[in-house]
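1. No letters, just coordinates:
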């Protein structure tokens with residue numbers, strides 16, 4: 001409550017061909033040297049930039065991304081824009097200064113600027129219920145009404161599912177009282193886009209253009225991702241096979257093109273334009289032509305609203321940005337993930353440097369955080385006259401499993417089928433059908449098996465008192481000689497109708513497989529579901545608003561699953 005009152009006092013009432021590493025090596029990583037533009041004062045940073053270029057070239061090879069765009073700025077302006085690799089692998093077109101990249105959820109900070117401007121103008125009260133501005137909104141909740149403050153800080157209690165409201169088929173639910181929990185919610189920022197339209201009396205795109213892009217001179221960027229800018233956009237890439245675990249350096253394919261008008265991640269930008277945005281952040285809301293926000297509103301933007309760790313770092317969330325101190329530095333940061341783009345932005349308000357990077361690929365949970373962090377470390381060391389830091393090491397080989405011996409042994413299913421695992425030093429090997437398959441680590445006690453018989457699910461292991469006793473893969477389950485628990489499990493037989501493979505028409509959501517293992521219904525082969533009503537499930541142990549509803553039974557199988565408004569339909573592939 002104290003934080004809420006402080007914020008309010010600050011403002012008063014006023015704010016697909018398979019194109020993977022094989023292709024990249026074929027065209028040659030020698031061609032990935034940076035195409036860069038620098039301002040004269042940046043010359044003293046040249047040794048740092050050379051180290052950064054060397055790191056990025058290796059980094060792109062390590063992760064298998066086609067291309068990258070990068071902007072580095074200080075309080076005086078853009079220090080450097082750099083472009084690496086390919087905007088279109090098939091055409092051999094390289095990333096240039098005019099290539100647009102989708103910045104993803106970094107767009108949320110743009111939205112926050114608009115909301116605070118509207119509040120400054122007295123058009124919006126951040127602490128009034130959202131339904132005051134969107135009377136058409138349908139909400140099912142046992143909690144008090146949430147406000148724009150709660151949407152901005154991801155504390156409204158809304159779903160964390162990356163739902164686009166324009167395709168929502170059910171009312172929105174809340175799973176916690178406003179202000180009590182941080183649940184990252186794209187749907188919340190989509191609602192903010194509608195509030196902007198309602199209050200500013202113009203389209204979200206026009207409002208964002210007039211209030212943020214044009215004042216910063218970001219004339220090459222676009223407020224929404226539409227067909228009008230597709231010809232200038234880098235081609236985006238994602239896993240060639242999107243319905244299974246993605247191995248290290250797996251094959252990429254061109255991702256489906258979609259328009260994105262929703263406020264949660266709508267901006268497409270050039271590196272140079274993002275340099276202007278970075279400069280404005282470092283100057284606490286002051287752009288090259290005018291102030292975007294008052295000092296009080298910028299303080300509100302960056303004030304902690306709720307504790308929210310950022311990718312393992314201690315941090316808070318404010319309005320559209322993570323904030324917090326790290327080693328004595330005041331940092332603002334955010335990342336962005338789209339269907340086929342991954343981005344990261346860091347602004348060090350203490351040293352006065354900021355960096356943004358984006359790659360035209362979506363590879364698991366990857367974001368180019370290592371790139372922007374290393375860029376800031378290099379600039380900081382240069383400005384202090386210190387020895388330049390060495391580049392981050394390459395990621396460890398996923399085939400290195402330091403505790404491989406713990407998983408070695410024979411595991412047997414209830415019907416007598418066996419799997420055999422052996423360790424050869426720090427490699428874990430599955431012997432199957434006269435094949436020896438080296439496993440790839442995919443998390444704690446989890447592995448990717450690059451074999452047609454195992455490629456649809458993760459192979460995971462369970463322990464008892466620290467000792468490996470069982471293995472699971474999809475609906476399959478095996479135990480070793482150390483297992484001492486039950487071996488048969490009961491479940492409602494109507495659940496059999498729910499199992500199978502479901503796919504969404506939207507490339508945002510892809511597909512999901514539902515299996516039963518050890519008497520539990522599992523989403524994706526890993527996530528346990530709990531039934532709360534016939535055909536209605538929630539994530540086991542979660543208290544959020546998300547629901548999974550199975551319905552429309554045909555020939556003993558449900559043909560539709562609705563996941564918090566996202567429609568999935570049964571597909572008859574395994």
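-> Now that the structure is in, tell me what you want to look at. Because the structure is a prediction, the values reported are computed rather than measured.

2. Tell me where the longest helix sits in the protein.
-> Longest helix of the chain, by residue count under DSSP state H: helix 46-63.

3. Please pull up the helix or strand immediately following it.
-> Downstream of helix 46-63, the next assigned helix or strand under DSSP states H and E is strand 67-74.

4. Name every strand pairing with that next one and say which way it goes.
-> In the sheet, strand 67-74 lines up against strand 77-88 (antiparallel), strand 353-359 (antiparallel) (DSSP bridges).

5. tell me the contacts of residue 495?
-> 516, 521 (Cβ atoms under 8 Å, 6 or more residues apart in numbering). Every C-beta, even on glycine, is put in place using the N, C-alpha and C of the backbone.

6. For the residue positioned nearest the centre of the chain, name its beta-bridge partners.
-> Closest to where the C-alpha atoms of the chain average out (Cα atoms, centre = their mean) is residue 337, at 4.1 Å. Residue 337 forms beta bridges with residue 342, as assigned by DSSP bridges.

7. any idea of the pLDDT on it?
-> Note for residue 337: predicted pLDDT of 96.

8. Give me the neighbour count for the nearest residue to residue 202 once chain neighbours are set aside.
-> Once flanking residues are discounted, residue 202 sits nearest to residue 210: 7.9 Å by Cβ to Cβ, 6 or more residues apart in numbering. For residue 210, the count of nearby residues is 14 (other Cβ atoms under 10 Å).

9. try the one 10 residues further on
-> When neighbours are counted by other Cβ under 10 Å, residue 220 registers 18.

10. How about the one 10 residues further on?
-> Counted with other Cβ under 10 Å, the burial measure for residue 230 works out to 13 neighbours.

11. As a check, name the ranges of all strands in the stretch 351-500 of the chain.
-> Using DSSP state E, counting those that start in this stretch, the strands found in the stretch 351-500 of the chain span residues 353-359, 409-412, 418-424, 427-432, 435-438, 440-441, 446-448, 459-464, 467-473, 476-479, 500-503.

12. Pick the most buried one from those strands.
-> Burial of the strands of the stretch 351-500 of the chain is given as mean neighbour count (mean count of other Cβ atoms under 10 Å); strand 353-359 ranks first at a mean of 31.

13. For residue 469, give me the pLDDT.
-> At residue 469, pLDDT is 98.

14. circling back to that earlier point, can the strands paired with strand 67-74 go into TSV with extra columns for mean pLDDT and distance to residue 439?
-> Below are these laid out as TSV (pLDDT from 0 to 100; distance: least, Cβ to Cβ, whole Å):
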stretch	mean pLDDT	distance to residue 439
strand 77-88	97	30
strand 353-359	98	27
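
15. closest to residue 331 out of these?
-> strand 353-359 (9.7 Å; Cβ to Cβ).

16. Quick check: next helix or strand after the helix or strand where residue 192 lies?
-> Per DSSP H and E: residue 192 is located in helix 186-200. Under the assignment DSSP H and E, the closest C-terminal helix or strand after helix 186-200 is helix 204-208.

17. What are the buried residues along the longest helix of the chain?
-> Residues of helix 46-63 classed as buried: 48-49, 51-53, 55-57, 59-63 (neighbour count, 16 or more other Cβ atoms under 10 Å).

18. that older thread, turn the strands of the stretch 351-500 of the chain into TSV, including distance to residue 510.
-> Formatted as TSV, these follow (distance: least, Cβ to Cβ, whole Å):
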stretch	distance to residue 510
strand 353-359	20
strand 409-412	30
strand 418-424	28
strand 427-432	26
strand 435-438	25
strand 440-441	21
strand 446-448	17
strand 459-464	20
strand 467-473	20
strand 476-479	23
strand 500-503	7
